[in-house]
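# sharing a model prediction with you, sequence too.
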Amino acid sequence: MVGVSPVRAVVTVAASLIAASLPVFLLSALAPSIQLDLGFGEAGLGIAVAAFFLAAAVSSVPGGRFADRFGAPVSLRTGLAIAASGSLLVALFAGSRWSLAGAMFLGGTALGFVDTGGARAISAAVPVTRQGFAFGSKEASIPAASFLAGASVPLLGAHLGWRPAFGIGVGFAALVGGLVSSRLEQNPRRVDPDHEPASTRADHPVSERTHHAVTPASAWPLVLLSITAALGGGAAAATTAFLVASSVTGGLAAGSAGTLLAVASAVAIGARLGVGAAADRRASAAVPLVAGMLAIGGAGAIGLASASAGLVPAWSAGPVLVVSAVLAIGAGWGWTGLVFLAAVRLDPARPAKAAGIVLVGLGIGGAVAPASFGGVAGLAGYATAWTIAAAAMFLAVATATLAHRLAGSRA
């Protein structure tokens, strides 16, 4: 079977990820209105965001096995159907923090199928020398969803309300699902993740385009990459979830806070594309670039803590907030394409399963961090919460560095 072009494969995967992740960013961007209507505070918002990412963590490894067994097109369509269902529940039935959290949990399950299926599609359709940029493009779709959500505050939230915004998410997921091509993989080879013979794994590439030299992957580098994803991704998820609410608490208008989230997310899009291209030029640079981006993101979180604590002069508070948000989200959230690229290089025979292991970390971090951040912010204030987010990013720098040393040239 003749597959689709690499460009179409990447566009399909990116659109699918936008549709699957849009609900949690709509929740974050429209949080002030949703909280007012449903009657809950920061802790309730953290629970709803955590439910989404917890579902992603729970579904990631099963989703990866599903994608390796049934192929990328089936996995993407399944995930998009789940995403549409979750958004529909929010739009029609969310009436409390708990019903909202339940709907977000269902929606988060979609990521376990879409993200891992997307990794398999890129590994199969894109030449190995261009996969860094391809994975960067794939992951750029996540801040693109955040950008769209931030832009929706003045465009949709102020005029139509938050429920119709989720209704639009339903239609978008359904549209993308209908456009997923059955030819997304060229000559796809189905894999039983548990019973594939070792000789098969070693002798056959995932696709004729990738020409991988398959090397048995050590478990520890993948585990450390997952831990890095949990720490760094959790801090980034909390940052995107609470930037608008924190900025409004600090005196910024809701529309301006939404615009700030959109701008920072746009920077993250460019960062994911740029570092992905850099990883293509130097194969061993992927994980060191992850560490560097997280260090910059940690510096941004420290800036947000300083602004929230009133430690900067009043005349510079606005610029400090803007620069810090751009660093915390643009850099601190701009590395995820690299960590998926490194995982696939560690186990190219089963790319969806390897991606699923990384997604476990992202999901756990996304589940634990926003809920913890919301609780800390409610009890001790945003300055303390931003300080903890910065510490998590710096700790992720250490785990990424260790993963690189153990993996060597494979990642």
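Arrived safely, thanks for sending.
# poorly predicted segments of the stretch 151-300 of the chain, please.
Counting by pLDDT under 70, the stretch 151-300 of the chain contains low-confidence ranges at 153-159, 186-218, 283.
# one more time with 80, if that's ok
151-160, 185-219, 241, 250-255, 258, 282-285 (pLDDT under 80).
# would you map the helices across it?
162-179, 198-203, 219-249, 254-281, 286-308 (DSSP state H, counting those that start in this stretch).
# so which bits of the last one are buried?
By neighbour count, with 16 or more other Cβ atoms under 10 Å as the criterion, the buried positions of helix 286-308 are 286-308. Glycine gets a C-beta too; all of them are placed from N, C-alpha and C.
# and the next helix or strand past it?
Downstream of helix 286-308, the next assigned helix or strand under DSSP states H and E is helix 317-325.
# in that next one, which residues are buried?
Result for helix 317-325 [16+ other Cβ under 10 Å]: buried residues 317-318, 320-325.
# and what of stretch 378-397?
Neighbour-count burial for stretch 378-397, with 16+ other Cβ under 10 Å as criterion, is recorded at 378, 382-390, 392-397.
# whichever strand or helix holds Ser21 to helix 162-179, inter-axis angle?
Assigned by DSSP H and E, Ser21 belongs to helix 6-29. Helix 6-29 runs at 160 degrees relative to helix 162-179, counting by axes from the mean of the first three to the mean of the last three Cα atoms, to 10 degrees.
# and helix 6-29, what does it pack onto?
helix 42-70, helix 72-93, helix 97-125, helix 131-152, helix 162-179, helix 219-249, helix 254-281 (3 or more Cβ pairs under 8 Å, 6 or more residues apart in numbering; DSSP states H and E).
# which one of the ones you listed lies closest to Leu338?
When these are compared by Cβ to Cβ, helix 254-281 sits nearest Leu338, at 5.8 Å.
# what is the neighbour count of the residue nearest to Leu106 when sequence neighbours are not counted?
Excluding the flanking residues, the one nearest Leu106 by Cβ to Cβ, 6 or more residues apart in numbering is Gly86, at 4.2 Å. By the criterion of other Cβ atoms under 10 Å, Gly86 has 28 neighbours.
# ok, Gly86 - contacts?
Counting by Cβ atoms under 8 Å, 6 or more residues apart in numbering, Gly86 touches 23, 103-110.
# select from those residues the entry with the lowest predicted confidence.
For the contacts of Gly86, the weakest pLDDT value sits at Pro23, with 91.
# residues making contact with stretch 358-366?
Against stretch 358-366 from outside (Cβ under 8 Å, 6+ apart): 49-50, 52-61, 63-64, 108, 111-112, 115-116, 222, 225-235, 237, 336, 339-340, 343.
# which one of the buried residues of helix 317-325 is nearest Ala125?
Nearest to Ala125 among the buried residues of helix 317-325: Ala325, at 34.8 Å, using Cβ to Cβ.
# in the protein, which residue is most central in space?
For the chain, the residue nearest the mean C-alpha position is Ile142 (5.3 Å; Cα atoms, centre = their mean).
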